[in-house]
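one predicted model, sequence on top.
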Amino acid sequence: MVYLPWLPQPENTHTGRLLAVARCIHQKYYREERHHLYGPVRTFNSLGAGPLELVSAVLQRAGFTEYLDGIPDRSVFTCLPDEFEAVAVSEKAQAVEPDLVVKAVLRLGEEGFEATEEIAWLTGRLRSEC
């Protein structure tokens with residue numbers, strides 16, 4: 001895939017992959033829904049789909065999200081997109097297993113989910129390295 005020149009160039013690093021996953025979920029899957037206690041809230045619903053559950057776990061372990069009501073199928077971001085870089089370089093985010101982050105990128109990019117150009121580019125790069 002040729003990456004469009006006006007988009008920020010993705011980084012095929014642990015930090016870059018974490019950022020790409022967080023941006024993708026925030027852009028494509030973060031939706032408003034009605035919560036029984038809190039009213040309208042924006043959430044990421046993994047829909048009980050294995051690949052999205054993996055992504056949800058990666059984001060939660062890295063500190064981007066926390067589970068709503070302690071239930072792993074719905075998450076809320078604990079930071080704004082302009083804070084994603086600070087979270088991605090945090091000790092907590094760097095402690096997430098690199099293989100798990102790679103797997104999350106590949107699943108988002110290959111399993112029929114709506115992905116960003118950044119995820120598509122990283123997926124191509126990761127596949128060419130194999």
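That came in fine, so what should we check first? Numbers count the residues shown, from 1 in each chain.

how about Gly50, what does it touch?
Neighbouring residues of Gly50 by Cβ atoms under 8 Å, 6 or more residues apart in numbering: Arg107. Glycine gets a C-beta too; all of them are placed from N, C-alpha and C.

quick check, pLDDT for it.
Looking at Gly50, its pLDDT is 81.

show me the shaky parts of the protein.
Along the chain, the model assigns pLDDT under 70 to residues 1-4, 7, 130.

residue ranges of the helices in it, please?
Here the chain has its helices, by DSSP state H, at 14-28, 50-62, 84-88, 91-94, 98-110, 117-129.

now Asn12. Nearest residue, chain neighbours left out?
In this structure, Asn12 finds its nearest non-sequential neighbour in Arg125, 4.9 Å apart by Cβ to Cβ, 6 or more residues apart in numbering.

thought the one you found was touching Glu11?
No. Arg125 is beyond contact range of Glu11, at 10.1 Å (criterion: Cβ atoms under 8 Å).

buried residues, stretch 37-47. List them.
Going by neighbour count (16 or more other Cβ atoms under 10 Å), the buried part of stretch 37-47 is Thr43, Phe44, Asn45, Ser46.

from what I can see Pro72 touches Leu52, true?
No. Using Cβ under 8 Å, Pro72 is not in contact with Leu52, being 10.6 Å away.

quick check: neighbours shared by those two?
Residues touching both Pro72 and Leu52 by Cβ under 8 Å, 6+ apart: Ser46.

between these two, tell me which one has more neighbours.
Leu52 (21 against 14; other Cβ atoms under 10 Å).

residue contacts, that one?
Counting by Cβ under 8 Å, 6+ apart, Leu52 makes contact with Tyr29, Ser46, Phe113.

one more time with 10 Å, if that's ok
With contact set as Cβ atoms under 10 Å, 6 or more residues apart in numbering, Leu52 has these partners: Ile25, Tyr29, Phe44, Asn45, Ser46, Asp73, Ala104, Arg107, Leu108, Glu111, Phe113.

just give the nearest non-adjacent residue to the residue nearest the centre of the chain, would you?
What sits nearest the mean C-alpha location of the chain, by Cα atoms, centre = their mean, is Val21, with 2.8 Å. Among residues not flanking Val21 along the chain, Ala104 sits closest, at 5.4 Å (Cβ to Cβ, 6+ apart).
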